[in-house]
Structure formats: structure tokens, C-alpha cells
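J.: The sequence isn't on hand, but the structure is:
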């Protein structure tokens, strides 16, 4: 198109400087017609390309939306399976499998806004699982990890008992029974949790290596605490004190300001 336009302009310019007569409409008309036709083709191609990009973007967004919904449903099921703090082998295997499937769906999300939404929901699930898979210590008012006896699948796992005794208690009973067509043979129950299910769930509790902490963007207050007012007064005084003071073994020490 541009080549044709330049050719038409060149004819007119050459005629002007050489003193020749200007090209007639009949002479230029074919070039102008070609230019107009080429312009229409170019506009159509641009519109097609723009529409194709829009359709591809919409398809990706719809796909990401579906994946997000399915991943959230899977994470919800994991919480539902474990929220009663059970140590049932079958339930833990089911929860681990659902968790792995849900996180795999999450990794398939490509639309940026849906990636953010999934990560927020993953963090929420991680927080709920942390509370579920820990115990509250009334004395320290902190949350303690589950004891190793828990994972042997025994009842009353919080009582003081050695791991050897927990393993013995969780071991299946040896039974001798006759085989009859009138009844089924009882299968020995497996109480200890499957190691892979435990690893899968507790590895999820750890933040991934590529996690970007949004708190890194937060700037600590620099305004003097004695000039603070409003609901943040206590918080500002704490931050001002904690930034220059630390305590170890009941003794106070002054921090050296960085920078």
C-alpha cells in the first residue's frame, strides 16, 4: 500500500520539477484505487489480529477461572478432611492426593489476576491447615507441633508414650481364622499414616521457594513516636521501642540502627 502511495506521489513530484504536465486523473486513478484497496485489506488484517488476540485472551481468562474454581474446591476439601484433627490413614491419603491435584491445577493458571487470587486462597488454606495440624499450649499461649505419636494413628496420642510403644500399639493384630464361604476374612487395619501423605501435606505448609513476601515492600515508620496520635499510637510506640531494643534471657540490649 505504502509503495503504491509513494509511487503516485513520485509521479506528481517528478512532473512538477521537470516542468511536465501533471498526471491526469486517468493516469493516477489506478494507483489511487490500488492504494484504497490495500488500505482496506490492511485495516481488515489489523482488525482480525486484534480480534484474535482478544479471543485468545478471553479463552485464557476463562480457562484460568475454571482452574481457579476447581483448585479452590480441592483446597476446601483438604481442610474439610483434616479439620477435626484426625489421624486416620485413609483420610490422610485422600487429603494428600486432593491437595496435590489442587496445587497442580493452581500451577496451570496463567491469567495474572487469577494467579494472584489463587495464591491468596492458597495462603488462606495454608493458615487454616497450620491451625489444624498444631495444638494450642495453654501455658505458653502458643501453638505447638503435633507430637510424633500422632502419626502412628493411635488413640490418645497426646498422652506420654514412647515412639516404640506407639509403634507396638499401632501394629496390626495377628489373627488365625478359618476360611469359609459363608463369611469374609477380616483384613488387618493399618494405623500408621502413610509417610508420603504426611510429607505432601506438611511440605505444603512451607512457603514455596519462589514466594514473594509483600511485607518486603512495607517501610517501617520513621516518624518520632511522641508526635503520633490516633489509634496507631500504641503500635507506633512499640515499633519505635522494638527497633532499638532487644531482650535476651531477661536482659535488655540496645540495637544498632542499620544504615
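T.: Perfect, thanks for sending it. Source: prediction; values computed, not measured.
J.: Pop out the phi and psi values for residue 251.
T.: phi -110, psi 140 (degrees, to the nearest 10).
J.: per the record, what domains does the protein have?
T.: Under the assignment automatic domain parsing, the domains of the chain span 2-172+190-210, 218-259.
J.: Just name the most buried of those.
T.: domain 2-172+190-210 (a mean of 14; mean count of other CB atoms under 10 Å). C-beta: built from backbone N, CA, C; applies to glycine.
J.: Tell me where this structure is predicted with low confidence.
T.: Low-confidence segments of the chain, defined by pLDDT under 70, span residues 1-39, 41-42, 45-46, 48-49, 51-52, 174-177, 182, 185-189, 257-259.
J.: can you give me the strands in it?
T.: Ranges of strands in the chain, per DSSP state E, are 134-137, 142-145, 245-248, 251-254.
J.: For those, give me CSV that also has distance to residue 69.
T.: Output for these, formatted as CSV (distance: least, CB to CB, whole Å):
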stretch, distance to residue 69
strand 134-137, 29
strand 142-145, 31
strand 245-248, 46
strand 251-254, 52
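J.: Which of those sits closest to residue 79?
T.: Closest to residue 79 of the strands of the chain is strand 134-137 (CB to CB; 14.2 Å).
J.: strands paired with the closest one, and their directions?
T.: Strands adjacent to strand 134-137 in the sheet, as given by DSSP bridges, are strand 142-145 (antiparallel).
J.: ok now the strand it pairs with, how far from the chain's centre?
T.: Centre-to-centre, strand 142-145 and its host chain are 25 Å apart (CA atoms, centre = their mean, to the nearest Å).
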